[in-house]
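In: no sequence on this one, just coordinates:
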């Protein structure tokens, strides 16, 4: 709690989840009303527009949503990787008692790698082609640990072995192009884990991989989490991957969270029409769907010019059942059950009825 | 039945069980591929001497009947895209035969192929790179008419506008450029171009993998509607096994250039016989947290071996948990183990056929089947 020097403001009503307070957070990671806007010639792109959540150690939060919903911008924001000259970041990000939005770049840089690390989607472009895999892991380790090259090299070999690279003492001197896609992703995980980070952000970690290799990587992430008790944010558009790994799930649309709950709640008792749409669009491997797929009409909104009211209203088949509130007011995220939050104007009973009568039979 | 080297002739005509398998699989197949191979030379040195061969596709046989959808699945590098390109005649095959409507088109020249291009069309994976950014939608979708010198009743513009409507776009989009459209809309433009000349066979190489799930569902439904409306035949190449289950009537699984299993959709997904198919299916994450802990998981070790130097005999033996000595010495032939269900394995799963039967069948088949 080193950074608790800012004056406490009065909380201005509303549910605690979405209130921007300034008391230091007791959660391991907490986002409070995070906004990340990019001013452009065409207008302000509101990639993330008021996102709040908490995450504890040992838990995995899955963030799902379509392209342009703000998933990746959020993760880069937590790591402080947005260039502050062209991104406007506001709100609060508390990581283990430290507030990151107001922290200096140097402060964030010291935490990055050591306390929080990221696994990127495309390991080929995230690694430097000119340096050996080992050299890149060694460099990352020595930035944060005052050790000799020999010690760091031994650590790198250890890490490569831990993530299942065969003959790590030989492969440590290979270049990224000499690794296969799956091995590169493992090497990147080794690099991300080399300083035992407590928060691991995985942004589409398996999207570029074949399904058999994806299964290996997901197993690996799961095992490593048990070993290190780290908190994981798993960003993906693949609902299958989310269901495999996540304890909690957060659904994003147009830069905001529209539903959040445990994986069981979001997959089995979803309450937001957009979540229904995502589940209805998905072909299933485990059973045959005789019904046609139920696509969401239209396409994701422009982040410069979000629809007024609920951003989902132009695509929502139930928007006409809210007495016009869907087009007038932006719905707040409200609890519909303990820990299950939904941002929708439909009355809770009505939502549950629609889900039971119309949606569930078609899934 | 649907493959050329069916040894179990007598029972071969029994329709496979399956709730909504389409019945039409009688008569001549629209497309028949027999023992198709594509070997790429690897050259080295100043004289470009050939030092090795990549056997990208190494003896693939299947057939597709009119109005049906064949799904071709496998990991990257298994040869599925190469197979699709050979069917399209974008690549010349090294050996083997491709028959379209009973005509052997394998050695057709470019010129002879040209009229046939009307009947065989392709949908590409990436809707961003498959449309020329400097041409309008009208020019892109109308190009096939010009190339084939086809006169339409009310002019090309009218025909293009009808096509745009058919795929769910608006006729006013005629004068716009590709960059004005979203990914899903671009894929629709590509599909409109594909449909322009009313093809009979469409080879779709990863038609939805670049799209978001909600838009992907729109395009999948569109492909299904068009198939019903225009009696199209599809060969869909995809790595997403859930999408393939949804749209295919029959599914072929490839591994390192070989077909390891081919069966009717429900048969394959519910009773996979080849261990590779089983492993592939068990690796797909299922969007249901309740199933997370009680699914059978088969984890293959390592990556797919290099096609430059594939393992001898059964190419899957290096990663297979059932592999015995015979798998390293004798290549298992693709044999029909139950009606319409063929697998190439010495120790197949989900079948009553015993190992000795498989070996016996292998002995019968091997003289003609490579």
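Out: Okay, I see it. Note that the coordinates shown come from a computational prediction; the quantities given were computed from them, not determined experimentally.
In: give me the number of residues near residue A:129?
Out: 9 (other Cβ atoms under 10 Å in any protein chain shown). Glycine gets a C-beta too; all of them are placed from N, C-alpha and C.
In: Let me fix that, I meant to ask about residue A:234.
Out: 28.
In: With residue B:197 instead?
Out: 16.
In: nearest spatial neighbour of it, skipping sequence neighbours?
Out: residue B:118 (4.2 Å; Cβ to Cβ, 6 or more residues apart in numbering or on different chains).
In: hang on, the one you found in a helix?
Out: No: counting by DSSP: H, G, I helix; E, B strand; the rest coil, residue B:118 falls outside a helix, being coil.
In: What separation is there between the residue in chain B sticking out farthest from the centre and residue B:40?
Out: Distance from the C-alpha centroid of chain B, by Cα atoms, centre = their mean, peaks at residue B:46 (37.7 Å). Separation of residue B:46 from residue B:40 (Cβ to Cβ, to the nearest Å): 20 Å.
In: Now the stretch 101-250 of chain A against chain B: closest residue?
Out: Going by Cβ to the nearest Cβ, chain B is nearest to residue A:240 of the stretch 101-250 of chain A, at 3.3 Å.
In: Now do the SS call for that residue.
Out: helix.
In: Close to chain B: what parts of the stretch 1-150 of chain A are there?
Out: Residues of the stretch 1-150 of chain A found near chain B (Cβ under 8 Å from any Cβ of the partner chain) are A:66-67.
In: Output the below-cut-off pLDDT ranges for the stretch 1-150 of chain A.
Out: A:1-21 (pLDDT under 70).
In: residue in it nearest to chain B?
Out: residue A:66 (4.2 Å).
In: Show me which residues of stretch A:23-36 are buried.
Out: For stretch A:23-36, the buried set under the neighbour-count rule, 16 or more other Cβ atoms under 10 Å in any protein chain shown, comprises A:24-25, A:27-32, A:34-36.
In: Mind checking which of the residues you listed land in strands?
Out: In this view, these that belong to strands under DSSP state E are A:29-32, A:34-36.
In: so residue A:294 touches residue A:281, yeah?
Out: Yes: Residue A:294 is within contact range of residue A:281, at 6.4 Å (criterion: Cβ atoms under 8 Å).
In: Pass me the low-pLDDT residue ranges in chain B, would you?
Out: B:1-27, B:353-370.
In: same thing but at 80, please
Out: Counting by pLDDT under 80, chain B has low-confidence residues at B:1-27, B:293-294, B:302-303, B:352-370.
In: Do a quick rundown of the helices in it.
Out: Counting by DSSP state H, chain B has helices at residues B:80-87, B:110-116, B:137-147, B:155-166, B:183-195, B:213-230, B:241-247, B:265-270, B:275-283, B:325-329, B:355-365.
In: List of residues touching the fourth one?
Out: Where contact means Cβ atoms under 8 Å, 6 or more residues apart in numbering or on different chains, the residues beyond helix B:155-166 that reach it are B:137-138, B:141-142, B:145-146, B:152-153, B:170-171, B:173-174, B:189, B:192-193, B:195-196, B:226.
In: Which residues belonging to it are considered buried?
Out: B:156, B:159-161, B:163-164, B:166.
In: Report the closest residue of the stretch 51-200 of chain B relative to chain A.
Out: residue B:75 (4.1 Å).
In: Please state the offset of the strand or helix carrying residue A:218 from the chain centre?
Out: Here residue A:218, judged by DSSP states H and E, is contained in helix A:211-228. Going by Cα atoms, centre = their mean, to the nearest Å, the spacing between the C-alpha centre of helix A:211-228 and its chain's C-alpha centre is 17 Å.
In: Now do that helix, average pLDDT.
Out: Here helix A:211-228 scores 88 as its mean pLDDT.
In: quick one: it near chain B?
Out: Yes: for helix A:211-228 and chain B, the contact criterion (Cβ under 8 Å from any Cβ) is met by A:211-216, A:218-219.
In: where exactly do the strands run in the chain?
Out: In the absence of a named chain, this looks at chain A. A:29-40, A:43-55, A:60-64, A:88-95, A:98-99, A:116-119, A:199-203, A:231-235, A:248-253, A:256-262, A:334-337, A:340-342.
In: Switch to chain B, please.
Out: Going by DSSP E, chain B shows strands at B:31-44, B:49-64, B:69-73, B:95-100, B:103-104, B:120-123, B:201-205, B:233-237, B:250-255, B:258-264, B:335-338, B:341-343.
In: quick one: low-confidence parts of the stretch 151-300 of chain A?
Out: A:208, A:287-291.
In: could the strands of chain A be laid out in TSV, adding distance to residue B:346?
Out: Converted to TSV, these look like this (distance: least, Cβ to Cβ, whole Å):
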stretch	distance to residue B:346
strand A:29-40	52
strand A:43-55	49
strand A:60-64	41
strand A:88-95	55
strand A:98-99	60
strand A:116-119	39
strand A:199-203	39
strand A:231-235	39
strand A:248-253	43
strand A:256-262	45
strand A:334-337	53
strand A:340-342	51
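In: And those strands: which comes nearest residue B:184?
Out: With Cβ to Cβ as the criterion, residue B:184 lies closest to strand A:248-253 of the strands of chain A, at 16.5 Å.
In: Report the angle between the closest one and strand A:256-262.
Out: Comparing the axes of strand A:248-253 and strand A:256-262 via axes from the mean of the first three to the mean of the last three Cα atoms, to 10 degrees yields an angle of 160 degrees.
In: what distance separates strand A:248-253 from the centre of its chain?
Out: So, by Cα atoms, centre = their mean, the centroid of strand A:248-253 is 8 Å from its chain's centroid.
In: Can you give the strand pairings for it, parallel or anti for each?
Out: Note on strand A:248-253: by DSSP bridges, its sheet partners are strand A:60-64 (parallel), strand A:256-262 (antiparallel).
In: Tabulate the ones you listed in CSV, adding columns for mean neighbour count.
Out: As requested, the strands paired with strand A:248-253 are exported to CSV (neighbours: other Cβ atoms under 10 Å in any protein chain shown):
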stretch, mean neighbour count
strand A:60-64, 26
strand A:256-262, 25
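In: Looking at those strands, which is nearest to residue A:137?
Out: Per Cβ to Cβ, nearest to residue A:137 of these: strand A:60-64, 24.0 Å.
In: what sits up against that closest one?
Out: So strand A:60-64 is in contact with A:53, A:55, A:71, A:74-75, A:225, A:231-237, A:239, A:241-243, A:245-252, A:263, A:278, going by Cβ under 8 Å, 6+ apart.
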